[in-house]
Each structure stands twice: as structure tokens, then as C-alpha cells.
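Visitor: let's see this in three dimensions:
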Amino acid sequence: MNRKKAKYTLGPVGGLVLLIVLFLLSSRINLGGAPEGVDSVPLPEGGTAEPLQVYFLDVGQGDSELIRLPGETGYFNMLIDTGEYKYADGLTDYLKGLGIERLDALVCTHPHTDHMGCMARIVQRFEIGAIYMPLMPEDKAPTTAAYEKLLDAVLDKGLTINQLHEDAIIGSPPGSQFQVMSPRVDADWEGANNYSAVIRLVYGQSSFLFTGDAEEESEEIILEDGYMLRSDVLKCGHHGSSTSTSDEFLEAVDPLYAVISCEAGNRYGHPHRETVKKLEDKNITTYRTDRDGTILAESTGGSIHFTTGLDSVKGRED
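Guide: A predicted model of the protein is given here:
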């Protein structure tokens, strides 16, 4: 693992100098060290009429989570990742079918196409409150068409990318809190997976941990930095790969439930049997999009109720 400091830029993406500058200026660095995590956040007096909803969307061999936080004026909608480009129309229809016209927060955990392949289309088709993305060193920045199209779409819409790194700030309604635990500002990894944003959501007394494709090396740094990881629900890293969900990390999270996003019969063999066995040995109830379709977790701030078998996001046939 190479963790030397690096010069940060979005890399050689032609015509996007202004976006690069905005990206850099948007960084919020907390020099005071990792803040203490919380087990619970007080809900507004009288509670809310609607529950928290977290959709683990079935987008094949990819990742996408929709978080709907109830507030005084309706839901605060956050979309984490989108899946491949072929899901652009299906994801658009799915979100609009839920009555969503605005995404208050759009998160790209890292720039692999199975996580952000159709994100440019989502930016184009919805009102976006804020967009968040980790920043990678110049020599690691991707040059894929999907990544460049996303940057173009952000620039065309006059948005500013908020840099995601440890302790970056993501706003949320009363009764909830997001905490960003990774990547470090000076991270320098060999591959993109460990640049994944790792985000913990606390709503009332319920908690969720979203890990993108973060692997064991990233998990080690999060543990080293002393963040509170204990969460009711763990979205397992990297589609249930054995490169993620280390013994120490799983022990610290100590989830009641785990969710794995993967495609049936995928060529990577996800989820790997080592990960499945770890979860089974700890009696962690596990949901999988390859078997359960889209998964909905709901909470009024206490216990969490799961609904499985919801419609998958439709992908365009090649």
C-alpha cells in the first residue's frame, strides 16, 4: 500500500479547467481529527409522518442506493451511485415513479462505471441540490467516457462538485446525520476501489453504513482513524468480494443486517463464499439483490423493517 501525499487534480479532461477549480475550492478539510460518532440523533418533536426509506436498487452487477429522509417539507432524497449506462432510462423511470423530481444530494462513491455509468443522465434529467465525489490524484483519474460525460453534465448545469473525504460535510434534515469516513485527503491507492466514499447514516436510533467498493486496505485506515462504525445495516463493500468486509471491520460494524449488491451468475463470483460464511457465522441476516431484487429498508428511528422482491431497475438490452 502506498500512502504518500499526492498532488490532487481531476486530471487531463479537456475543456474542464473551470470545473477542476470549483472542485478544489469545494473541499472542506477538518484539521481537528476524526469527530466522535453518534449512536443516535434526536428526532424532531412529535416525530415525522413518514419513515426513513433506503432502497438498495437492483442494478445488476453494480451499486445504487436511494435514501429518502423525511423532513418538514417532504423527503430529502439522496442517490448513492447509479449502476451502468444501460440503466439510465430504467433508473430515471424508477425515481420518477416514486414521485422524485429533485435529488437533494447525488453521491458518486468512486468513478467505476458499475457505480456511475449513467450518472451523467441523472444529472441532466433531475434537479440536483448538491453533488459529491472523492477526488483522485492526477495519475489515477479515470479517462472513461462515462466519467468525462459526468463532468461535462455537471459543468453544463452550473453545479459545483463537493469533494468527499474524511469528515467532509453532507447536510441532512433534523433527526439524521451523515458522517464521511473515507477516503483520507492524502490518499494514494493503486486502484480506484479504495478511493470509495464510506458514509455512515444515523436516523434516530437506526444506522446504516455505505461502503462503495472500499476494500480491506481502506477498512484498515478507517479503523486506525477511530471512527464509530457500529451500524444496524452494512452495505457490504465491493459486491461481497473477499477483498472487502475484513474480520476486524465486520467486528467493529457489528451489523444486524447486511446487504450485498450483485448480479445473478456474475463472472466475478460475487458474493465470494468467504464473505458469505463470515456473515453466516455471525448470524447476520443478509439480503442480496441477485436473489431478492430491489430491497427496501424502512425505519421510524428505531427498529428496521425490510421488504424484498421489489421491481429491479430495467436495463436496456444491448
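
Visitor: next up, the contacts around the residue most central in space within the chain.
Guide: Nearest to the geometric centre of the chain sits residue 80, at 4.2 Å (Cα atoms, centre = their mean). Counting by Cβ atoms under 8 Å, 6 or more residues apart in numbering, residue 80 touches 63, 64, 65, 66, 67, 107, 109, 199, 210. For glycine as for every other residue, the C-beta is placed from the backbone atoms N, C-alpha and C.

Visitor: select from the residues you listed every entry located in strands.
Guide: Of those, the ones assigned to strands by DSSP state E are 65, 66, 67, 107, 199, 210.

Visitor: which one of the residues you listed sits closest to residue 245?
Guide: residue 210 (13.2 Å; Cβ to Cβ).

Visitor: list the contacts of that closest one.
Guide: Residue 210 sits next to 65, 80, 109, 197, 198, 199, 200, 201, 235 when contact means Cβ under 8 Å, 6+ apart.

Visitor: does it have beta-bridge partners, and which?
Guide: Counting by DSSP bridges, residue 210 forms beta bridges with residue 199, residue 235.

Visitor: residue 40: neighbouring residues, count only.
Guide: 15 (other Cβ atoms under 10 Å).

Visitor: wait, residue 41
Guide: Neighbours of residue 41 (other Cβ under 10 Å): 18.

Visitor: and what of residue 169?
Guide: What residue 169 shows, counting by other Cβ under 10 Å, is a neighbour count of 12.

Visitor: now residue 186
Guide: What residue 186 shows, counting by other Cβ under 10 Å, is a neighbour count of 13.

Visitor: tell me how far it lies from residue 137.
Guide: According to Cβ to Cβ, to the nearest Å, residue 186 stands 10 Å off from residue 137.

Visitor: returning to that earlier point: biggest separation within the ones in strands among the contacts of residue 80, which pair?
Guide: For the ones in strands among the contacts of residue 80, the maximum inter-member distance is 13.7 Å, found between 66 and 199 (Cβ to Cβ).

Visitor: same drill for these two, tell me which one is more crowded.
Guide: A count of neighbours by other Cβ under 10 Å puts residue 199 above the other of residue 66 and residue 199, at 26 against 22.
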